[in-house]
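Undergrad: here is a sequence together with a model predicted from it:
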Amino acid sequence: DARVTQTPRHKVTEMGQEVTMRCQPILGHNTVFWYRQTMMQGLELLAYFRNRAPLDDSGMPKDRFSAEMPDATLATLKIQPSEPRDSAVYFCASGTPGQGTYEQYFGPGTRLTVT
Amino acid sequence: KQEVTQIPAALSVPEGENLVLNCSFTDSAIYNLQWFRQDPGKGLTSLLLIQSSQREQTSGRLNASLDKSSGRSTLYIAASQPGDSATYLCAVRSDNYGQNFVFGPGTRLSVLP
């Protein structure tokens, strides 16, 4: 049963600390998305990659957030320095544009709390 | 800019009722639309995906319809069960705004036994 995995599932950190979240997409999926979900803003796209290349990161605060795909099995989202307003659930999703279909499969999320 | 809204924001029904959740989008130039379910504290589970050329998709007790010209999709749940209680989100993939999905705020459904 293929699924997207994310680590850690929960992270509590102090303001100013670096946070790294990891995602393992479903094997064979060539597109990876990072989303952030808060009560106020709902689900927002931060960045996405196709074949490991960043295609759109316009939703991401550039001064403190960075996203990378060091290889096809790992995507990372880093926040440095973290701030209380970054507290949210961060989801990774993967998919592959096929013959007219394009479904996204979500991981369980990383719940980040910045104090 | 594509905007997606969902009505109602919350819905509470007794078990066994048929119900309809609504999703509206502002730009009809969409590639596809996907309905998700999210349980509290969990990730999103894909329910149905409708291509822009399709009118509806069915899976078990779920039926999703799409009317591109009016910018609307509905998710119909037949014979609701307490296990259907969750938040339902629709997401639209637009032709004109890259290849990412824009999500609606969700409808929180409670099915009472």
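TA: All right, it came through fine. Everything quoted here is computed from the prediction, not taken from an experiment.
Undergrad: got the residues of chain A near chain B?
TA: Counting by Cβ under 8 Å from any Cβ of the partner chain, chain A comes close to chain B at A:4, A:31, A:33, A:35, A:42-45, A:48, A:50, A:55-56, A:91, A:93, A:97, A:100-109, A:111. C-beta coordinates here come from the backbone N, C-alpha and C atoms, glycine included.
Undergrad: mind running it again at 6 Å?
TA: The interface of chain A toward chain B, taken as Cβ under 6 Å from any Cβ of the partner chain, is made up of A:42, A:43, A:45, A:48, A:56, A:100, A:103, A:106, A:107, A:108, A:109.
Undergrad: burial of residue A:35, as a residue count?
TA: Residues near residue A:35, counting by other Cβ atoms under 10 Å in any protein chain shown, number 27.
Undergrad: so in terms of bridging, what pairs with it?
TA: Residue A:35 has these beta-bridge partners by DSSP bridges: residue A:45, residue A:91.
Undergrad: what strands flank the helix or strand of chain A with the lowest mean pLDDT, and is each parallel or antiparallel?
TA: The helix or strand of chain A with the poorest confidence is strand A:53-56; it has a mean of 82 (mean pLDDT, DSSP states H and E). With DSSP bridges as the test, strand A:53-56 is paired with strand A:42-50 (antiparallel).
Undergrad: pull the helix or strand with minimum mean pLDDT from chain B.
TA: Taking mean pLDDT, DSSP H and E as the measure, strand B:101-103 is the helix or strand of chain B with the lowest mean score, a mean of 86.
Undergrad: residue contacts, residue A:4?
TA: A:25, A:26, A:92, A:94, A:105, A:107 (Cβ atoms under 6 Å, 6 or more residues apart in numbering or on different chains).
Undergrad: got the buried residues for the least confident helix or strand of chain A?
TA: residue A:56 (16 or more other Cβ atoms under 10 Å in any protein chain shown).
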